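*Asks:* just a sequence and a predicted model for now, questions to come.
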Amino acid sequence: MTFLMKCCALVVNVLCLPLHVIEAVGLYKVYKRIFPFWVYKISIKYNEKMYDKKKELFRSLSEFKRPSGQLIILEIGCGSGTNFEFYPPGCKVICTDPNPHFQKYLTRSMGNNGHLTYERFLVASGEDLGSVEDESVDAVVCTLVLCSVTSIHQTLREANRILRPGGAFFFMEHVVADPSTWTYFFQHVLQPLWYYFGDGCCVTRETWKYLEAAGFSDVKLSDIEAPLMLMIKRHIVGYAVK
């Protein structure tokens, strides 16, 4: 199957040549203006299907409050703010995303979630959170983001840096399927096209390996089959304590 998979992936890559050219000359930036609209619409459906899983995951956020009762959350790649409804009342939220065009939808989500205090919105990638002080937040949230960052290793390094001792990194990410499945085959074959559709999204990453090697003191991770389309069905969900 490996030979066939590589041949099919090559064909798809060739068919994507016009898209490669569009990106090379800088025209792909136009899609970054449109992408937040699609994410906003898709995220509503995603939340409906993953509601119970998200609720269960973020229920643990309250465990990481400071003795004063304060909880500061920084979300990497907040997008349109679809996680806000699951955050504990009264916590402070720092929003970050490399795409400034999400702000319109982010503002809408903020208005719908008045139980939170929004500290600021930073236009920043997960790999570069330099404007956030060391050990200054209680929890870092990252959902459906590690699939598209340039460096998972550096993103986790930044998360570790800004987390206070005893804080936690919360994640919910789609990952590559088991190599023995047809899903794995189609993930690798269609990846060149999926990259452009998902604004850099990669469906072939073994993200759990990076989490296990990131230096956290404890990693609580569940491997689940989400009720979603084939390409993003396998998910890892959990949190890692600094």
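*Replies:* Everything's here; your move.
*Asks:* by contact count, what packs against the lengthiest strand in the chain?
*Replies:* Secondary structure assigned by DSSP state E gives strand 163-174 as the longest strand of the chain. Other helices and strands packing on strand 163-174, by 3 or more CB pairs under 8 Å, 6 or more residues apart in numbering; DSSP states H and E, are helix 29-58, strand 137-143, helix 152-162, helix 207-212, strand 234-241. Glycine gets a C-beta too; all of them are placed from N, C-alpha and C.
*Asks:* could I get the following helix or strand past it in CSV with only the CA atoms?
*Replies:* Heading C-terminal from strand 163-174, the first helix or strand you meet, by DSSP states H and E, is helix 182-197. Output of helix 182-197 as CSV, limited to C-alpha atoms (Å, rounded to 0.1, in the frame of the first residue of the first chain):
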residue,chain,number,x,y,z
TRP,A,182,-7.6,3.2,4.6
THR,A,183,-8.0,6.5,6.5
TYR,A,184,-4.2,6.7,6.8
PHE,A,185,-3.9,6.1,3.0
PHE,A,186,-6.3,8.9,2.1
GLN,A,187,-4.8,11.3,4.6
HIS,A,188,-1.4,11.0,2.9
VAL,A,189,-2.8,11.0,-0.6
LEU,A,190,-5.0,14.1,-0.1
GLN,A,191,-2.7,16.0,2.2
PRO,A,192,-1.3,18.3,-0.6
LEU,A,193,-4.9,19.5,-1.4
TRP,A,194,-6.0,19.5,2.3
TYR,A,195,-3.1,21.8,3.1
TYR,A,196,-4.6,24.6,1.1
PHE,A,197,-8.2,24.0,2.1
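*Asks:* can you pull the buried residues of helix 182-197?
*Replies:* 183-192, 194-196 (16 or more other CB atoms under 10 Å).
*Asks:* which elements pack onto it?
*Replies:* helix 2-15, helix 17-24.
*Asks:* okay, those in a markdown table with mean pLDDT, distance to residue 209 and mean neighbour count next?
*Replies:* Formatted as a markdown table, these follow (pLDDT from 0 to 100; distance: least, CB to CB, whole Å; neighbours: other CB atoms under 10 Å):
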| stretch | mean pLDDT | distance to residue 209 | mean neighbour count |
| --- | --- | --- | --- |
| helix 2-15 | 89 | 20 | 12 |
| helix 17-24 | 90 | 28 | 13 |
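*Asks:* residue contacts, residue 44?
*Replies:* By CB atoms under 8 Å, 6 or more residues apart in numbering, the contact list for residue 44 reads residue 82.
*Asks:* how far away is it from residue 98?
*Replies:* As for residue 44, its distance to residue 98 is 22 Å (criterion: CB to CB, to the nearest Å).
*Asks:* between the helices and strands packed on helix 182-197, which gets nearest to residue 234?
*Replies:* When the helices and strands packed on helix 182-197 are ranked by proximity to residue 234, the top entry is helix 2-15, at 17.2 Å, counting by CB to CB.
*Asks:* who are the packing partners of the closest one?
*Replies:* Taking 3+ CB pairs under 8 Å, 6+ apart as the contact definition, the neighbouring helices and strands of helix 2-15 are helix 182-197.
*Asks:* what about this structure, any weak spots by pLDDT?
*Replies:* Counting by pLDDT under 70, the chain contains low-confidence ranges at 1.
*Asks:* can you pull up the most central residue in it?
*Replies:* When CA atoms, centre = their mean is applied to the chain, the residue found nearest the centroid is residue 145 (2.0 Å).
*Asks:* who touches the closest residue to that residue other than its chain neighbours in this structure?
*Replies:* Spatially, and ignoring its direct neighbours in sequence, residue 145 is nearest to residue 77 (3.5 Å; CB to CB, 6 or more residues apart in numbering). For residue 77, the set of contacting residues under the criterion of CB under 8 Å, 6+ apart consists of 96, 97, 98, 126, 142, 143, 144, 145, 148, 149.
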